[in-house]
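Colleague: fold the following.
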Amino acid sequence: MNRNQIDYLRISLIDRCNFRCQYCLPEDAELAYVRAQDLLTREEILTLVKNVFIPLGFRKFRLTGGEPLLHPEVVEIVRDIASLSATSDLALTTNGYLLDNLAEMLYEAGLRRINISLDSLDPDTFDKIIGNRGRSRWQKTWAGIQAAQRVGFDPLKLNVVVIPGINEAEVEDLAALTIEKRWHVRFIEFMPIGNGDLFQEKAWIASEELRGRIRAKWGLNEGQVRGNGPADVFQIPGAKGTIGFISQMSECFCDRCNRLRLSADGWLRPCLLNETGQIDLKTALRQGISPAEIREKVQKLMELKAEINFKLRDSGTSSGIYTRTMSQIGG
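Modeller: You can find the predicted model right below:
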């Protein structure tokens with residue numbers, strides 16, 4: 001039995017993305033996107049949240065993708081979930097590219113927490129990481145971050161996947177964003193899902209090494225605020241914001257994992273790094289299986305989660321190859 005209360009669901013709204021980040025998709029990969037009719041509908045998402053997950057004790061929800069802002073009903077889905085009395089926390093993860101036009105509508109719909117991917121402060125490096133989509137994408141992403149701050153998102157979190165030899169030299173510059181702003185910069189260890197070839201070539205940098213570099217420049221204190229997730233939180237002395245480290249490769253946090261993941265096509269996954277044990281909720285819904293029966297299936301999966309959590313950190317698959325990329329899982 002998992003020692004933690006499992007109360008946090010990540011919901012992927014769509015598997016498509018307008019970026020092609022190196023750590024998410026191999027450069028030459030051909031992706032078979034889910035057909036529109038095979039995606040969970042807005043109504044199906046709400047049905048699962050209200051009639052399956054909330055009765056099982058879920059209170060925290062995060063909307064992901066692909067890129068969730070590409071979903072035509074993202075604002076309405078935010079409003080649906082935010083309006084439920086049982087929802088204690090609703091967040092969204094985005095690459096920020098479309099955020100400057102949507103930040104205010106999302107906030108008015110009830111969203112209060114947002115995570116934005118920002119893997120580099122240099123437009124050229126940023127463009128390299130996102131798949132050579134054009135240097136102007138950095139400016140538009142930065143405009144999205146500014147819009148989120150202006151609207152009032154707090155905390156505003158910036159996610160940084162540290163890729164050796166590509167953006168590792170920017171760690172101090174990215175950490176410095178927290179000194180004058182109440183931003184939370186989170187450094188995430190590069191993982192083997194999404195682009196296994198790049199992972200084998202570059203591998204990952206342990207969070208402790210990054211902490212050491214930041215500590216050597218400014219000092220580093222244990223943070224006073226704890227989040228919902230696996231980040232270990234620190235703070236530069238005197239800084240307004242905080243720095244988090246998500247160390248899924250070097251410092252296994254399986255024992256405190258409190259989340260499940262629902263893919264855009266309705267598969268419920270108990271562990272990011274383990275493809276075994278998934279269950280197909282969309283097909284169950286469309287076949288007319290009652291919410292009570294679906295709840296039973298999910299309850300059994302929750303009871304097995306401690307055993308399913310994959311702690312070896314190399315490949316939680318039978319074949320050694322993940323069949324889904326990070327964009328298809330929902331991160």
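Colleague: show the backbone phi and psi for Asn274.
Modeller: Backbone torsions of Asn274, given as degrees, to the nearest 10, read phi -130, psi 120.
Colleague: how close does it sit to Leu40?
Modeller: Asn274 is 22 Å from Leu40, where distance means Cβ to Cβ, to the nearest Å. All C-beta spots, glycine's among them, are computed from the backbone N, C-alpha and C.
Colleague: which residues does the residue nearest to Lys240 when sequence neighbours are not counted contact?
Modeller: Excluding the flanking residues, the one nearest Lys240 by Cβ to Cβ, 6 or more residues apart in numbering is Arg182, at 4.8 Å. By Cβ atoms under 8 Å, 6 or more residues apart in numbering, the residues touching Arg182 are 154-156, 240-241.
Colleague: are any of those buried, and if so which?
Modeller: Using 16 or more other Cβ atoms under 10 Å as the burial test, the contacts of Arg182 include 155-156, 241 as buried.
Colleague: now these as a markdown table including secondary structure?
Modeller: What follows is those, written out as a markdown table (DSSP: H, G, I helix; E, B strand; the rest coil):
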| residue | secondary structure |
| --- | --- |
| Pro155 | coil |
| Leu156 | strand |
| Gly241 | coil |
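Colleague: list just the nearest of these to Leu13.
Modeller: Leu156 (20.5 Å; Cβ to Cβ).
Colleague: the closest one reaches Gly144, doesn't it?
Modeller: No - under the criterion of Cβ atoms under 8 Å, Leu156 makes no contact with Gly144, lying 10.8 Å away.
Colleague: overlap in contacts, the two.
Modeller: By Cβ under 8 Å, 6+ apart, Leu156 and Gly144 have these common neighbours: Ile116.
Colleague: Asn274 and Leu40: which is more packed in?
Modeller: Neighbours per residue (other Cβ atoms under 10 Å) separate Asn274 from Leu40, with Leu40 holding more: 25 against 21.
Colleague: quick check on the more buried one: phi, psi?
Modeller: Torsion angles, degrees, to the nearest 10, at Leu40: phi -60, psi 140.
Colleague: from Ser247, how far out is the nearest residue to it once chain neighbours are set aside?
Modeller: Nearest residue to Leu40, sequence neighbours excluded (Cβ to Cβ, 6+ apart): Gly266, at 5.0 Å. Noted for Gly266: a distance of 30 Å to Ser247, by Cβ to Cβ.
Colleague: repeat that for Arg62.
Modeller: Distance of Arg62 to Ser247, computed by Cβ to Cβ: 19 Å.
Colleague: and what of Leu40?
Modeller: Distance from Leu40 to Ser247, by Cβ to Cβ: 31 Å.
Colleague: so which residues of the stretch 51-200 of the chain form helices?
Modeller: 74-82, 99-108, 123-129, 136-151, 171-175, 177-180, 196-202 (DSSP state H, counting those that start in this stretch).
Colleague: any chance of the ones you listed in a markdown table, plus mean pLDDT?
Modeller: Shown next, in a markdown table, are the helices of the stretch 51-200 of the chain (pLDDT from 0 to 100):
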| stretch | mean pLDDT |
| --- | --- |
| helix 74-82 | 98 |
| helix 99-108 | 98 |
| helix 123-129 | 93 |
| helix 136-151 | 96 |
| helix 171-175 | 98 |
| helix 177-180 | 97 |
| helix 196-202 | 55 |
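Colleague: redo those helices as a markdown table? Include distance to Asn221 and mean neighbour count.
Modeller: What follows is the helices of the stretch 51-200 of the chain, written out as a markdown table (distance: least, Cβ to Cβ, whole Å; neighbours: other Cβ atoms under 10 Å):
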| stretch | distance to Asn221 | mean neighbour count |
| --- | --- | --- |
| helix 74-82 | 34 | 19 |
| helix 99-108 | 31 | 18 |
| helix 123-129 | 29 | 18 |
| helix 136-151 | 24 | 18 |
| helix 171-175 | 13 | 18 |
| helix 177-180 | 12 | 16 |
| helix 196-202 | 30 | 14 |
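Colleague: and these: which comes nearest Lys282?
Modeller: Nearest of these (Cβ to Cβ): helix 74-82, 15.6 Å.
Colleague: and Lys305, that's in a helix?
Modeller: Yes - the assignment for Lys305 is a helix, going by three-state DSSP.
Colleague: any idea how many residues pack against it?
Modeller: Should you count by other Cβ under 10 Å, Lys305 turns out to have 21 residues around it.
Colleague: contacts for stretch 114-128?
Modeller: 21-22, 91-96, 99, 106, 129-130, 133-139, 141-142, 144-145, 148, 153, 156-161, 163, 166-167, 170, 173-174, 186.
Colleague: gap between the two ends of that stretch?
Modeller: 24 Å (Cα to Cα, to the nearest Å).
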